[in-house]
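Chemist: just coords:
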Ligand SMILES: C[S@@+](CC[C@H](N)C(=O)[O-])C[C@H]1O[C@@H](n2cnc3c(N)ncnc32)[C@H](O)[C@@H]1O
Ligand code: SF4
Ligand code: SF4
């Protein structure tokens with residue numbers, strides 16, 4: 001028998017547990033550390049149960065191969081109803097049974113996964129508040145150049161000048177492979193402006209790495225679509241600020257941008273490539289976000305309608321003047337999100353204990369600019385950790401004194417947040433604090449007001 005993971009499933013380890021992530025719905029199933037060993041033997045490419053069991057056996061020195069084969073078969077078969085795995089008598093049969101994302105079947109895939117009951121419901125009680133430290137996601141700014149000039153963009157327009165050199169990319173790619181980094185975010189600037197974007201995309205796809213492309217989607221072509229649609233899942237996050245052409249073109253300061261982006265969204269959809277629409281609530285866009293969200297739901301696109309605008313990476317905060325002043329307008333967006341997603345209000349509670357890491361900084365993510373500068377996360381200006389021309393990525397990850405300092409921080413080290421009554425509803429963000437207030441420990445009053453509104457809303461929904 002052959003087994004493989006379906007094209008939207010990623011397996012990783014966090015909080016001491018095995019996390020089986022469904023990239024389509026961004027939800028996870030949990031397993032114990034043994035589940036992690038078993039599932040790590042599988043990938044998108046089919047493998048026989050005997051070969052997989054031999055890999056598993058390396059982690060259990062006293063076990064018998066036959067026993068591992070029996071246990072692995074039983075465990076793998078139990079995950080088939082959840083849409084985690086596929087199997088077949090031959091490699092070819094396994095491939096033809098393998099599930100892939102499609103717009104026609106995405107609800108079915110999501111429901112199978114989300115309605116699946118994990119074997120051991122006590123996993124949650126075993127969560128270790130200390131995150132596992134492993135670099136899992138690398139955000140790569142392939143170029144700082146861009147063909148749009150968005151009014152809120154955190155990259156100063158005069159710095160939109162540089163492509164990552166292929167020498168640098170090749171070195172980085174080698175490191176991604178050897179560090180077994182599981183997902184990369186290709187961004188910019190506008191990453192499709194990079195002269196070798198297609199080759200770069202192909203390289204990651206060949207390694208079955210989960211690629212998320214952040215783009216304004218004005219430069220898509222058929223070759224890019226074909227590569228995106230091949231192999232292990234890739235998804236595309238598209239900046240679309242409104243369904244109103246005038247508003248979108250005013251934000252991007254590019255006439256005709258909306259038309260091209262909309263046409264290309266349709267092409268991605270046709271190729272069954274998962275799309276996430278990213279928009280921001282500005283003075284100019286907030287009134288059209290309801291229409292945008294309704295459209296996303298109708299089309300089957302996920303969406304991220306964000307409230308937070310960060311300052312520019314050169315310290316200029318003039319772009320923040322686009323923020324909405326009236327909290328009641330944000331609340332209206334929350335009400336619409338709640339109406340569209342029955343699980344939304346429940347997800348507002350994020351739960352914070354004083355011993356928690358603040359976020360993924362120093363535990364699972366890094367960002368690298370087109371010049372090779374490495375940062376704790378994207379846009380975290382002023383916190384340069386090193387440059388890959390001088391040190392390897394892993395050296396920076398393991399030894400940067402700045403990163404080690406950030407890695408040590410826990411919620412209890414943030415004086416206002418530690419005693420805040422709303423912290424269980426807050427995604428505290430050091431990078432956001434730094435870019436808006438100038439200090440990672442000092443929260444932005446506006447964000448705190450919004451968090452209070454979220455908490456009040458969630459509590460009222462519970463009654
Ligand atoms: C910097 S862009 C790069 C990728 C691509 N050019 C695009 O626009 O999608 C990535 C995302 O960051 C968002 N963004 C830009 N400036 C921002 C800011 N000041 N605060 C928050 N998000 C911002 C964009 O709207 C976009 O969704
Ligand atoms: S398209 Fe992206 S990178 Fe370009 S200006 Fe807009 S937000 Fe910035
Ligand atoms: S609401 Fe403000 S003070 Fe409270 S946890 Fe969030 S950022 Fe910190």
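Modeler: Right, received. Where do you want to start? Just so we're clear, the structure is a prediction, and the values are computed from it rather than from any experiment. Numbering: from 1, shown residues only. Ligands and ions are numbered 1, 2, ... in the order given.

Chemist: find the closest residue to ligand 1 in the stretch 351-463 of the chain.
Modeler: residue 379 (7.4 Å; C-beta to the nearest ligand atom). From N, CA and C alone the C-beta is placed, and that goes for glycine too.

Chemist: pretty sure that residue sits in a strand.
Modeler: No. Assigned with DSSP: H, G, I helix; E, B strand; the rest coil, residue 379 falls outside any strand and is coil.

Chemist: ok, now which ones touch residue 285?
Modeler: If a contact means C-beta atoms under 8 Å, 6 or more residues apart in numbering, then residue 285 has 241, 242, 247, 251, 279 as its contacts.

Chemist: quick one, what contacts the closest residue to the fourth one other than its chain neighbours?
Modeler: Right, residue 251. Closest residue to residue 251 apart from its sequence neighbours, by C-beta to C-beta, 6 or more residues apart in numbering: residue 241 at 4.6 Å. Applying C-beta under 8 Å, 6+ apart to residue 241 gives the contacts 247, 248, 251, 252, 279, 280, 282, 285.

Chemist: against ligand 2, how distant is residue 241?
Modeler: Going from residue 241 to ligand 2 by C-beta to the nearest ligand atom, to the nearest Å gives 9 Å.

Chemist: look up how far residue 153 lies from that residue.
Modeler: Per C-beta to C-beta, to the nearest Å, residue 241 is found 12 Å from residue 153.

Chemist: do the same with residue 425
Modeler: In terms of C-beta to C-beta, residue 425 sits 28 Å off from residue 153.

Chemist: what residues does the stretch 301-450 of the chain put near ligand 3?
Modeler: When proximity is defined by C-beta under 6 Å from any ligand atom, the stretch 301-450 of the chain lies next to ligand 3 at 416, 417, 420, 422, 423, 426, 428, 443, 447, 448.

Chemist: quick one, what contacts the fourth one?
Modeler: When contacts are counted by C-beta under 8 Å, 6+ apart, residue 422 touches 448, 451, 452, 454, 455.

Chemist: with adjacent residues omitted, what lies nearest to the third one?
Modeler: For residue 452, ignoring the flanking residues on the chain, the nearest one in space by C-beta to C-beta, 6+ apart is residue 422 at 5.2 Å.

Chemist: one step back: what is the most widely separated pair among the contacts of residue 285?
Modeler: Across those, the longest distance by C-beta to C-beta is 10.3 Å; it joins 247 and 279.

Chemist: who has more neighbours, the two?
Modeler: residue 279 (24 against 18; other C-beta atoms under 10 Å).

Chemist: please name the nearest non-neighbouring residue to the residue of the stretch 351-463 of the chain closest to ligand 1.
Modeler: Nearest to residue 379 is residue 154, by C-beta to C-beta, 6+ apart, at 5.0 Å.

Chemist: how about that neighbour, secondary structure?
Modeler: Under three-state DSSP, residue 154 comes out as coil.

Chemist: would you confirm that it contacts residue 435?
Modeler: Yes. The pair residue 154 / residue 435 is scored as a contact, 7.3 Å apart, by C-beta atoms under 8 Å.

Chemist: neighbour count: these two, which is higher?
Modeler: Between residue 154 and residue 435, residue 435 has the larger neighbour count (other C-beta under 10 Å), namely 26 against 18.

Chemist: show me what the mean pLDDT comes to for stretch 43-62.
Modeler: Averaged over stretch 43-62, pLDDT sits at 94.

Chemist: what are the buried residues along the helix or strand where residue 203 lies?
Modeler: Using DSSP states H and E, the element containing residue 203 is helix 197-206. By neighbour count on 16 or more other C-beta atoms under 10 Å, the buried set for helix 197-206 is 197, 200, 201, 203, 204, 205.

Chemist: do stretch 101-111 as well
Modeler: Buried-residue list, stretch 101-111, by 16+ other C-beta under 10 Å: 101, 106, 109, 110.

Chemist: what distance separates the start and the end of it?
Modeler: End-to-end span of stretch 101-111 (C-alpha to C-alpha, to the nearest Å): 13 Å.

Chemist: cool, and stretch 400-418?
Modeler: Terminal residues of stretch 400-418 are spaced 26 Å apart (C-alpha to C-alpha).

Chemist: for that stretch, what is the distance to the chain centroid?
Modeler: In terms of C-alpha atoms, centre = their mean, to the nearest Å, the gap separating the centre of stretch 400-418 from the centre of its chain is 22 Å.

Chemist: what comes up buried for that stretch?
Modeler: So for stretch 400-418, counting by 16+ other C-beta under 10 Å, buried means 400, 402, 403, 406, 407, 409, 411, 414, 417.

Chemist: now the residue in the stretch 251-400 of the chain that ligand 2 sits nearest to: how far from residue 151?
Modeler: Here the residue of the stretch 251-400 of the chain nearest ligand 2 is residue 252; by C-beta to the nearest ligand atom that distance is 5.9 Å. Distance of residue 252 to residue 151, computed by C-beta to C-beta: 8 Å.
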